[in-house]
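1. Sequence isn't available, so here's the structure alone:
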């Protein structure tokens, strides 16, 4: 089983903001693969969608906590499933990567991303894969990181991020077949 967590902030106010790229990727992945409709699971503090790809059960999760508390939802989900072979993949925005870029890493620190740090703190490990989706735009100066990540994409940026969302979905699907290591080799 693979638990794929997209990071973002709940609510209409945050839709299509840079910080919600993780939700954007999972929403598209859910549509492409015909997974179940999103359902709020209060005990997990998350919206959940499930499906099967390559004979593997996949659970998509969008925590309904705010970004900085994502780890609480992830910890609850991991404890409930109790599958020792379960893999955890996290999809999130990354201000260190240029808009349009995507990079996969494993067993790495948070690099200042508070949602990722929350997961590391709650699980007590950094032993999970991350699909980092770039949101940095050199044309826009970044004076305040917190304000920047909560802004919506410009029309020009939306076109770029749509392509990156598609590429990330392809990488996730490839990883379900070939594993994270081979996916890193192909997509990084």
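-> Looks like it arrived, so ask away. Owing to the predicted nature of the structure, the values given are computational and were not obtained by experimental measurement. Residues are numbered from 1 along each chain as shown.
2. Now residue 64, what are its backbone angles?
-> phi -100, psi 20 (degrees, to the nearest 10).
3. Next up, the contacts around the nearest residue to it once chain neighbours are set aside.
-> Once flanking residues are discounted, residue 64 sits nearest to residue 10: 4.5 Å by CB to CB, 6 or more residues apart in numbering. Just so you know, the C-beta spots here come from the backbone N, C-alpha and C atoms, and that holds for glycine as well. Taking CB atoms under 8 Å, 6 or more residues apart in numbering as the criterion, residue 10 is in contact with 62-66.
4. Just give me the residue closest to the centre of the chain.
-> residue 91 (1.8 Å; CA atoms, centre = their mean).
5. who touches the closest residue to residue 174 other than its chain neighbours in this structure?
-> Excluding the flanking residues, the one nearest residue 174 by CB to CB, 6+ apart is residue 183, at 5.2 Å. Contacts here follow CB under 8 Å, 6+ apart; on that basis residue 183 touches 104, 171, 174-175.
6. Now list the buried members of these.
-> With burial judged by 16 or more other CB atoms under 10 Å, the buried subset of those is 104, 171, 175.
7. and residue 73, what element?
-> Using DSSP states H and E, residue 73 sits in helix 70-81.
8. chain center to that helix: distance?
-> 15 Å (CA atoms, centre = their mean, to the nearest Å).
9. List the buried residues of that helix.
-> 70-78.
10. contacts for that helix?
-> 1, 3, 5, 7, 43-46, 59, 61, 63-65, 86, 88, 90, 115-123.
11. From the contact counts, what lies against whichever helix or strand comes after that helix?
-> As assigned by DSSP H and E, the chain's next helix or strand after helix 70-81 is strand 87-98. Counting contacts by 3 or more CB pairs under 8 Å, 6 or more residues apart in numbering; DSSP states H and E, strand 87-98 is packed against strand 2-6, helix 21-33, helix 70-81, helix 114-123, strand 129-136, helix 145-149, helix 155-178.
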